[in-house]
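1. Let's see this in three dimensions:
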Amino acid sequence: MKVEVLSSFLLLLSGARSFQYAELAQYVDAQQERYVESLRDWVSIESDSSNVQRRGDLHRMMETAAQKLRLMGGTVELVDIGEQELPDGTTLALPKVVTAQFGSDPVKRTVCVYGHVDVQPAKLADGWATDPYNLTDINGNLYGRGASDNKAPVLAWIHAVEAYQALSLDLPVNVKFVIEGMEETGSNGLDALILAQRDTFFSDVDYIIISDCGWLSRRPALTYGTRGNCYFFAEVEGPKQDLHSGVYGGTVIEPMTDLVGILDTLISPSGKILVPGIREAVAPLSDEEWKMYQDVQFDMENYKNKTGVNQLMYNNKVDLLAHMWRYPTVSIHGIEGAFSDAGTKTVIPAKVTAKFSIRQVPSMEPALVKKQVTDYLHSVFAKRKSPNKLKVTMVIGAKPWLADTQHPLYEAGKAAVKRVFDMDPDLIREGGTIPIARTFQDVTGKSIIMMPIGGFDDGLHSQNEKMSRYNYIEGTKYFIAYLHEVSQIKTSSV
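-> Numbering: from 1, shown residues only. Below is the predicted model of the structure:
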């Protein structure tokens with residue numbers, strides 16, 4: 001025990017003496033154009049994981065990331081995670097996962113950085129002002145698909161490690177990377193990899209860092225929670241084939257009418273979820289949470305203008321943020337089988353399938369939500385006394401994730417933000433779902449922090465996605481500072 005305490009003391013003393021932030025920050029500023037060119041190279045690769053025709057580009061993207069880490073002297077592996085089965089029954093190789101390690105000093109802490117380099121689909125015809133795969137610099141903003149989600153943050157972490165190396169400074173902690181290529185389509189194969197390497201690659205990891213999210217305002221943020229996602233298909237089947245509404249309208253009970261009817265019972269006009277048991281599972285907003293939300297920098301008028309609506313569901317910041325982050329929501333996404341093309345086709349669809357999701361929060365379990373929704377919709381459907389058939393299926397059951405903001409990881413984050421941006425960060429939750437966070441937590445048992453550098457207006461998954469030069473470059477300095485701050489965490493405080 002004395003040896004461990006002495007080692008920790010010497011490590012802290014050494015770190016305090018050796019950290020040369022000003023020199024590292026100056027180096028990053030000098031490399032700005034090189035960093036932008038690296039991002040341009042990565043954005044030029046159409047690593048769309050949803051398009052099987054682009055699988056070759058995705059493999060090339062993984063090799064490109066691996067090669068960049070190899071050139072830095074890291075211990076790098078491209079881990080085979082198998083194949084995916086396509087709807088037609090054929091199989092296709094999944095992109096390999098890149099793992100890398102820099103440093104193996106048993107006295108130092110070890111952090112593992114997770115990121116992904118696949119992207120959402122994009123084409124100029126979607127409404128982009130620039131070629132989505134040709135990084136374009138306009139007024140300090142770097143436009144391109146994947147620039148913010150998630151290629152620039154991954155590169156910023158790599159550049160942070162590289163900066164220490166370039167100045168011949170010891171990394172204050174050992175750094176590992178896990179970079180995948182299927183995040184945008186569900187991280188196929190990654191859960192199995194984490195489980196398989198729990199006692200090897202992840203065995204000496206102390207903390208896991210995820211930077212696949214964004215700020216809420218112009219103030220830097222630390223993210224401590226995400227909602228889960230239960231995604232459902234509700235299928236109503238009636239006649240054996242589509243019918244002419246002029247001939248059969250008024251003589252059959254139409255599947256579309258049944259489907260729209262039951263969908264209307266999921267949520268009230270005011271946003272209240274009507275499925276029994278859902279709202280009751282949610283913990284009430286505490287006084288401490290209320291104060292945290294009140295302190296968050298958030299411009300409701302700007303948010304309203306950005307979304308293009310003239311009225312929001314709630315009229316005050318705390319209520320809006322709470323319902324964005326820590327209360328469940330129901331969203332109806334579409335109806336498959338319905339006529340949706342231009343024109344006036346007068347058809348009665350024989351089978352229609354609604355797609356909807358419930359974003360769930362801590363204390364809600366996907367298995368229970370599945371039962372609650374299935375039982376409820378069948379009970380509503382039974383009251384219609386329809387001869388049609390209803391089938392309810394839950395196709396995604398991703399769990400929510402929540403961290404302790406009092407954990408030393410978050411104190412280190414606050415210190416790093418203060419050093420680089422000279423302000424305190426917002427502590428925020430994410431309304432979306434990042435399933436890998438919960439997987440890391442459940443499988444490895446490690447503490448996790450989310451450290452975004454993306455801007456609030458980056459347009460993730462949308463047209464004209466961008467990463468500002470400011471966020472990219474200052475974010476790299478932020479990651480450099482964070483590696484130092486993590487090295488200062490005392491053993492007794494973890």
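2. measure stretch 145-153 end to end?
-> Its first and final residues considered, stretch 145-153 spans 13 Å by CA to CA, to the nearest Å.
3. tally of neighbours for F421?
-> A count of nearby residues for F421, using other CB atoms under 10 Å, gives 17. C-beta here means a position set from N, CA and C on the backbone, and glycine is covered the same way.
4. Same check on I453?
-> Other residues near I453 come to 27 when the count uses other CB under 10 Å.
5. my guess is it meets I473, correct?
-> No. With contact defined as CB atoms under 8 Å, I453 and I473 do not form a contacting pair (9.7 Å).
6. Tell me the spacing between the closest residue to M394 other than its chain neighbours and F233.
-> Spatial nearest neighbour of M394, chain neighbours left out: K370 (4.3 Å); criterion: CB to CB, 6 or more residues apart in numbering. Computed as CB to CB, to the nearest Å, the K370 to F233 distance reads 12 Å.
7. neighbour count winner among these two?
-> When K370 is set against F233 and neighbours are counted by other CB under 10 Å, the residue ahead is K370, at 17 against 14.
8. What score does G186 have for pLDDT?
-> Turning to G186, the model gives it a pLDDT of 86.
9. wait, doesn't F102 sit right on M72?
-> Yes. Between F102 and M72 a contact is recorded at 7.2 Å, counting by CB under 8 Å.
10. circling back to that earlier point, would you mind identifying the next helix or strand past the helix or strand containing the residue nearest to M394?
-> Here K370 sits within helix 366-383, counting by DSSP states H and E. Sequence-wise, the next helix or strand beyond helix 366-383 is strand 389-398, with elements assigned using DSSP H and E.
11. Note down every partner strand of that following strand and its orientation.
-> Listed by DSSP bridges, the sheet partners of strand 389-398 and their directions read strand 229-237 (antiparallel).
12. Give me the mean pLDDT for the strand it pairs with.
-> 97.
13. now do stretch 379-398
-> For stretch 379-398, the mean pLDDT works out to 97.
14. Looking at F102 and M72, which is more packed in?
-> When neighbours are counted by other CB under 10 Å, F102 and M72 differ, and F102 comes out ahead with 22 against 16.
15. Look up how far L171 lies from that one.
-> Separation of F102 from L171 (CB to CB) stands at 6 Å.
16. Mutual contacts of these two, please.
-> Listed contacts common to F102 and L171 are V161; contacts here mean CB atoms under 8 Å, 6 or more residues apart in numbering.
17. circling back to that earlier point, could you say what helices and strands the helix holding K370 packs with?
-> Here helix 366-383 touches strand 229-237, helix 255-263, strand 389-398, going by 3 or more CB pairs under 8 Å, 6 or more residues apart in numbering; DSSP states H and E.
18. Can I get the ones you listed in CSV including distance to E85?
-> Rendered in CSV, the data for those read as follows (distance: least, CB to CB, whole Å):
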stretch, distance to E85
strand 229-237, 19
helix 255-263, 29
strand 389-398, 15
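19. Out of those, which one sits most buried?
-> When those are scored by mean count of other CB atoms under 10 Å, the highest mean neighbour count falls to strand 229-237 (a mean of 21).
20. which residues are contacting that strand?
-> Counting contacts by CB under 8 Å, 6+ apart, the residues touching strand 229-237 from outside are 255-256, 258-259, 262-263, 350-360, 366, 369-370, 373, 377, 388-398, 433, 435.
21. one step back: mind listing the shared neighbours of F102 and M72?
-> Taking CB under 8 Å, 6+ apart as the criterion, F102 and M72 both touch V161.
22. Quick check: phi and psi on the spatially closest residue to L243 that is not a sequence neighbour?
-> For L243, the nearest residue in space outside its immediate sequence neighbours is I348; the separation is 4.2 Å by CB to CB, 6+ apart. With angles defined as degrees, to the nearest 10, I348 shows backbone torsions of phi -100, psi 110.
23. Neighbours of I348, how many?
-> Counted by other CB under 10 Å, the residues lying close to I348 total 23.
24. Go ahead and confirm it touches E254.
-> Yes. Using CB under 8 Å, I348 and E254 qualify as a contacting pair, with a distance of 5.3 Å.
25. contacting residues around stretch 127-140?
-> Under CB under 8 Å, 6+ apart, the answer for stretch 127-140 is 36, 39-40, 43-46, 122-124, 126, 142-145, 147, 463-465, 468-470.
26. Mind doing that once more with 10 Å?
-> The list of residues contacting stretch 127-140 from outside it, by CB atoms under 10 Å, 6 or more residues apart in numbering, reads 36-37, 39-48, 57, 119-124, 126, 142-147, 151-152, 462-471.
27. what's the span of that stretch from first residue to last?
-> 21 Å.
28. before we move on, the earlier item: how near is the residue nearest to M394 to M451?
-> Taking CB to CB as the criterion, K370 is separated from M451 by 33 Å.
29. and if you look at L142?
-> Using CB to CB, one obtains 20 Å as the distance from L142 to M451.
30. Neighbour count for those two, which is higher?
-> M451 (27 against 22).
31. quick one, strands of the stretch 51-200 of the chain?
-> Taking DSSP state E, counting those that start in this stretch as the criterion, the stretch 51-200 of the chain contains strands spanning 75-79, 83-85, 91-93, 97-102, 110-116, 136-138, 141-143, 174-180.
32. Tell me which other helices or strands the fourth one touches.
-> Strand 97-102 makes packing contacts with helix 55-71, strand 75-79, strand 110-116, helix 152-166, strand 174-180, helix 190-196 when contacts are defined by 3 or more CB pairs under 10 Å, 6 or more residues apart in numbering; DSSP states H and E.
33. Let's have those in JSON lines, adding mean pLDDT.
-> Below are these laid out as JSON lines (pLDDT from 0 to 100):
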{"stretch": "helix 55-71", "mean pLDDT": "98"}
{"stretch": "strand 75-79", "mean pLDDT": "98"}
{"stretch": "strand 110-116", "mean pLDDT": "98"}
{"stretch": "helix 152-166", "mean pLDDT": "98"}
{"stretch": "strand 174-180", "mean pLDDT": "98"}
{"stretch": "helix 190-196", "mean pLDDT": "97"}
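34. want to throw these into a markdown table with mean neighbour count and distance to Y224?
-> Listed next are these as a markdown table, based on neighbours: other CB atoms under 10 Å; distance: least, CB to CB, whole Å:
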| stretch | mean neighbour count | distance to Y224 |
| --- | --- | --- |
| helix 55-71 | 19 | 28 |
| strand 75-79 | 16 | 29 |
| strand 110-116 | 25 | 16 |
| helix 152-166 | 24 | 18 |
| strand 174-180 | 24 | 21 |
| helix 190-196 | 17 | 21 |
